[in-house]
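S.K.: sequence first, then the predicted structure, then my questions.
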Amino acid sequence: AITGGLAGIILGTWIFAVMYPGLKNGILKKGYFGNITLPSMLKVNDWVVVVPAAALIVLLSYWIEKAGF
């Protein structure tokens, strides 16, 4: 698993490095959208998003543990 994962990381890095000049002149020039966050999009306090997200992560982790993964 380690060697397969390492090969994937190296291959993905190489693909990104090869494609970057095209991305830089294309999609990356489409605009700067500023510091967009989920709380700013919903117009709520950060904690209104953080607490439910943390609870969801805990519940998902518990469910995965109980399922035997």
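M.R.: In hand now; what should we look at? Residues are numbered from 1 along each chain as shown.
S.K.: spell out which residues make up each domain of this structure.
M.R.: 1-31, 34-69 (automatic domain parsing).
S.K.: tabulate those domains in CSV, adding columns for mean neighbour count and mean pLDDT.
M.R.: From N, CA and C alone the C-beta is placed, and that goes for glycine too. Shown next, in CSV, are the domains of the chain (neighbours: other CB atoms under 10 Å; pLDDT from 0 to 100):
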stretch, mean neighbour count, mean pLDDT
domain 1-31, 9, 89
domain 34-69, 10, 95
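S.K.: quick check: Gly5 vs Leu11, distance?
M.R.: Distance, Gly5 to Leu11, using CB to CB, to the nearest Å: 11 Å.
S.K.: in this protein, which helix has the most residues?
M.R.: helix 2-25 (DSSP state H).
S.K.: Val48 and Pro39 touch, don't they?
M.R.: Yes - shown here, Val48 and Pro39 form a contact pair, counting by CB atoms under 8 Å, at 6.7 Å.
S.K.: and stretch 22-42, how far apart are its ends?
M.R.: 33 Å (CA to CA, to the nearest Å).
S.K.: check what contacts it and list those residues.
M.R.: Stretch 22-42 is contacted by residues 45-46, 48-49 when judged by CB atoms under 8 Å, 6 or more residues apart in numbering.
S.K.: ok, those vs Gly68, which is closest?
M.R.: When those are compared for distance to Gly68 (CB to CB), Val49 wins out at 30.7 Å.
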